[in-house]
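Visitor: curious how this folds, go ahead:
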Amino acid sequence: MNRRFRPGEAVWVELSTPDPDRVEPFYRALLGWTVRSERLGATTYRMCGIDGRDVAGISNAAALHGGRPRGWIVYFAVDDVSRSAARAVALGGELVTRPRYLPAAGTGAVVIDPFGAAFGLYQGESRSGVQMLNSVGALCWNELDTGEPAESVTYYRSLFGYATRRTGDTPTARPYTLLMLDDVAVAGVLALDNEWPNLIPAKWITYFAVACLPQALSQVCALGGTPTVGPVESPYGPLHLVKDPGGHTLCLIQLDGGLRPGHDSSPRR
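Guide: Reported below is the predicted structural model:
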């Protein structure tokens, strides 16, 4: 896959962690990634790939993001990262990593939204973003889990110009909102069971496809990770939330079809 992403699409995912050496072997073994190191100022950025195509990054949280945020960060494509960062802050977010040019890539920034969820902005230049979607080991979906879904949706609609569509087609029976670009679903918002505002900080969850979920969960345990929530039977295949050895949450799904738009598949949510 080699195409330009539309503004508002999830274009890249990066694991920001204080100990990259600890978590890299986990992802290599679990998702079949190869990892190469690229210099980024005084630090090293780990570019993760499958069959020579870039699918994710691993960064040192202290060196790149001042120690925060930690965990998986989803980056959204924008046309002007400085303008979008200013807009994200004006809407109530916090800029934690100022726009920075990444050699042979583009310009990125990281924001924490008003409800605690970290996300990135990316203006692709040499690299448009991930080069594979919906395949085993690759990104297939991004979901915002939040206790304040209405306010969160308003924030991201104002920032990226999304349309929305509500759906009850979720295994948890909790309200679910699709963030849409025209008629294409690009991300989801899941309402958490949260009685008090901000009791549970919001979080963007990155979904990766696996060939066999039970086998993948066995590997998670053997590699020092922890299965948490699941398995859950979704309309798109069984899924399970897990934590890697560094305590970072991700979702594994035995994908039936495609969730993200790509050359070979279309979203079915």
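Visitor: so what strands line up beside the strand or helix carrying residue 142?
Guide: Per DSSP states H and E: residue 142 is located in strand 139-146. Strand pairing for strand 139-146, using DSSP bridges, gives strand 184-191 (parallel), strand 203-209 (antiparallel).
Visitor: what's the first helix or strand after that strand?
Guide: Using DSSP H and E, the helix or strand that follows strand 139-146 towards the C-terminus is helix 149-160.
Visitor: so what touches that following helix?
Guide: 7-8, 76, 84, 87-88, 91-93, 113-115, 117, 144, 146, 162-164, 175, 177, 179, 189-191, 202 (C-beta atoms under 8 Å, 6 or more residues apart in numbering). In short, each C-beta sits where N, CA and C put it, glycine included.
Visitor: hmm, residue 24 and residue 223 touching each other?
Guide: No: look at residue 223 against residue 24 with C-beta atoms under 8 Å: they stay out of range, at 11.2 Å.
Visitor: for residue 125, what are its contacts?
Guide: Taking C-beta under 8 Å, 6+ apart as the contact definition, residue 125 lies against 105-107.
Visitor: and the contacts of helix 149-160, which of them are buried?
Guide: Buried by 16 or more other C-beta atoms under 10 Å: 7-8, 76, 84, 87-88, 93, 113-115, 117, 144, 146, 162, 177, 179, 189-191, 202, out of these.
Visitor: filter the contacts of helix 149-160 down to the ones in helices?
Guide: Using DSSP state H, the members of those that fall within helices are 84, 87-88.
Visitor: next, format these as TSV and append distance to residue 101 and pLDDT.
Guide: Shown next, in TSV, are these (distance: C-beta to C-beta, whole Å; pLDDT from 0 to 100):
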residue	distance to residue 101	pLDDT
84	15	97
87	20	98
88	18	98
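Visitor: tell me the spacing between the nearest residue to residue 65 once chain neighbours are set aside and residue 150.
Guide: Excluding its sequence neighbours, the residue lying closest to residue 65 (C-beta to C-beta, 6 or more residues apart in numbering) is residue 97, at 5.0 Å. As judged by C-beta to C-beta, to the nearest Å, residue 97 and residue 150 stand 28 Å apart.
Visitor: with neighbour numbers in mind, choose between the two.
Guide: residue 97 (22 against 12; other C-beta atoms under 10 Å).
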